[in-house]
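Peer 1: sequence and predicted structure below; questions after.
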Amino acid sequence: MEYFAGLDLGPVNEPSALAVVGKQVTAGVSAYAVRHLVRWQAGSMSYRDMAAEVDGVLRLPELGRCPLVIDRTGVGESVAALFRKLSDSSRSVVLSTGHAVTVGEDGSWYLPKQELVGTLQLLLQERRFQVAASLPLAALLTKEMANFRAKVVPAGTDPVTDWREGPQDDLVLAVGIAVWQGESDPGDAGMPLTWDDWGRPSRWPY
């Protein structure tokens, strides 16, 4: 089983969340299970202390070299850089408008929200996604997923200020970017991702 971690970083006045999903492929068909969930309430912890907790999760032996995808939409590059150091296969994404995944000059992947939500919707419709009922936050994640829906951001709207449906979408966004990583780039799982002097990835996804 391969593992993928998604980290949704909220501004100081919003919660943040970490999700680890396991991916198993049977007869060429992938299925996902949420194995680990962490949620930090708004203002309850500094980003540096949060990074230490994420590091502890990523060091669990059963996860191997688990890729980490960091949603930095609401916090910027300086905060994301704290977390990108935790995994040699980490990536930063920014939820954006548009219809195609692109790589910006800052090295971040610009991921259309429609793409993220569409990936989750497909897995749910085909019953290829499950949440372990034993997880303490399982009920909350299930509620978030029931309420979450794709939102088309009008042209000209600032994606940073309009990146969430509501203040309680952090868990589902963390899960979403983790499974998106597993579905969009399975061949790179566990491979090193190095960064040049400008903070850009030296191994480009597209």
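Peer 2: Sure, I can see it. What you see is a predicted model; the values in this text were computed from it and never measured.
Peer 1: can you give me the buried ones in the helix or strand harbouring residue 176?
Peer 2: Here residue 176, judged by DSSP states H and E, is contained in helix 170-184. If you call a residue buried by 16 or more other CB atoms under 10 Å, then helix 170-184 has these buried ones: 170-183. All C-beta spots, glycine's among them, are computed from the backbone N, C-alpha and C.
Peer 1: same question for stretch 108-126.
Peer 2: Buried residues in stretch 108-126, defined by neighbour count with 16+ other CB under 10 Å: 108-117, 119-121, 123.
Peer 1: and the helix or strand of the chain with the lowest mean pLDDT, what's buried?
Peer 2: Least confident helix or strand of the chain, by mean pLDDT, DSSP states H and E, is helix 138-147 with a mean of 80. For helix 138-147, burial by neighbour count (16+ other CB under 10 Å) applies to 140-141, 144-145.
Peer 1: now that helix - C-alpha only, CSV.
Peer 2: Provided in CSV are the C-alpha atoms of helix 138-147 (Å, rounded to 0.1, in the frame of the first residue of the first chain):
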residue,chain,number,x,y,z
ALA,A,138,-14.2,10.3,11.1
ALA,A,139,-17.7,11.7,11.9
LEU,A,140,-16.6,15.3,11.3
LEU,A,141,-14.9,14.4,8.0
THR,A,142,-18.0,12.6,6.9
LYS,A,143,-20.1,15.7,7.7
GLU,A,144,-17.7,18.0,5.8
MET,A,145,-17.8,15.7,2.8
ALA,A,146,-21.6,15.7,2.8
ASN,A,147,-21.7,19.5,2.8
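Peer 1: next secondary structure element downstream of the helix or strand hosting residue 114?
Peer 2: Using DSSP H and E, residue 114 falls within helix 113-125. Toward the C-terminus, helix 113-125 is succeeded by strand 129-131 as the next helix or strand (DSSP H and E).
Peer 1: what about the protein, any weak spots by pLDDT?
Peer 2: Applying pLDDT under 70 to the chain flags the ranges 148-168, 185-206.
Peer 1: 50 instead?
Peer 2: For the chain, applying pLDDT under 50 flags the ranges 150-156, 158-163, 186-206.
Peer 1: residue 147 and residue 169, how far apart?
Peer 2: Computed as CB to CB, to the nearest Å, the residue 147 to residue 169 distance reads 8 Å.
Peer 1: oops, could you answer that again for residue 134 instead?
Peer 2: The gap separating residue 134 from residue 169 is 23 Å, by CB to CB.
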